[in-house]
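> Need a 3D model of the following:
(chains A and B)
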Amino acid sequence: GAVVSQHPSWVICKSGTSVKIECRSLDFQATTMFWYRQFPKQSLMLMATSNEGSKATYEQGVEKDKFLINHASLTLSTLTVTSAHPEDSSFYICSARDQERAYNEQFFGPGTRLTVL
Amino acid sequence: AQTVTQSQPEMSVQEAETVTLSCTYDTSENNYYLFWYKQPPSRQMILVIRQEAYKQQNATENRFSVNFQKAAKSFSLKISDSQLGDTAMYFCAFVDRGSTLGRLYFGRGTQLTVWP
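A predicted model of the protein is given here:
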């Protein structure tokens, strides 16, 4: 149980285009999902916290107009990188919190590698 | 604010040997959870072990065990009988038990290489 999927696993796009990444909790409901960005050999950097039915909470320094987050249902959150540029190239990871479990445990998706040309 | 510090960017160990990864944290909270996550080359985050702050007994999961020292705010991971598949980035993480959202705070990670 507690599986989180991400789609796509990798994407290459041209500069200026928008890219949408989906994060789904497959076997549990997640009122809270998290979006992280990770550079090579570095730690996970929290970008935003997504709550079902409400606006996402962005970390300081993260442009909310560039990284649009929508948490429309208890099993789906999406991250849209708008007008992507090469500096947005990175590995994006989502996680979902199963509030039925103890430990405030988060379950992680497999990640999406974004390359902007 | 919560901070997690991993002071060893890289470590290596020979197969079948034992290795300990260090982690310290800083918090004013008294009730929290601590985790060790593993991120292999596939980059999938995998939970290795968890510890509840109010439990004095150190958590153990097969070859993985922790040394939790609450007063010293230390949470080290010991890997016994290291295997080649243990090669990965290891992250120490903290979450406040009373947190509404359950935000995780991560350390910078330790790259562990197990060699034959």
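
> Between the two ends of stretch A:84-91, how far is it?
End-to-end span of stretch A:84-91 (C-alpha to C-alpha, to the nearest Å): 14 Å.

> got the contact list for B:Y32?
B:53, B:94-97 (C-beta atoms under 8 Å, 6 or more residues apart in numbering or on different chains). Quick note: C-beta positions are derived from backbone N, CA and C, even for glycine.

> my guess is B:S42 contacts A:P110, does it?
Yes: assessed by C-beta atoms under 8 Å, B:S42 is found in contact with A:P110 at 7.4 Å.

> okay, these two: which has more neighbours?
More crowded of B:S42 and A:P110, by other C-beta atoms under 10 Å in any protein chain shown: A:P110, with 16 against 10.

> so where's chain A shaky on pLDDT?
For chain A, residues meeting the criterion pLDDT under 70 lie at A:1.

> Which positions in it make contact with chain B?
For chain A, the residues in contact with chain B (C-beta under 8 Å from any C-beta of the partner chain) are A:32, A:34, A:38, A:41-44, A:46, A:49, A:51, A:57, A:91, A:93, A:95, A:97, A:103-106, A:108, A:110-111.

> 7 Å instead, please
Contact residues, chain A versus chain B (C-beta under 7 Å from any C-beta of the partner chain): A:32, A:43-44, A:46, A:49, A:91, A:93, A:97, A:103-104, A:106, A:108, A:110-111.

> Kindly report the residues of chain B close to chain A.
B:33, B:43-45, B:50, B:91, B:95, B:97, B:99, B:101-104, B:106-109.

> beta partners of the closest residue to A:C13 other than its chain neighbours?
Nearest in space to A:C13, with sequence neighbours left out and distances taken as C-beta to C-beta, 6 or more residues apart in numbering or on different chains, is A:V19 at 5.3 Å. When assigned by DSSP bridges, A:V19 has beta-bridge partners A:V81.

> for B:A88, same thing?
Here B:A88 sits in beta bridges with B:L112, going by DSSP bridges.

> In this structure it contacts B:W36, no?
No: proximity of B:A88 to B:W36 does not meet the contact threshold set by C-beta atoms under 7 Å, at 10.8 Å.
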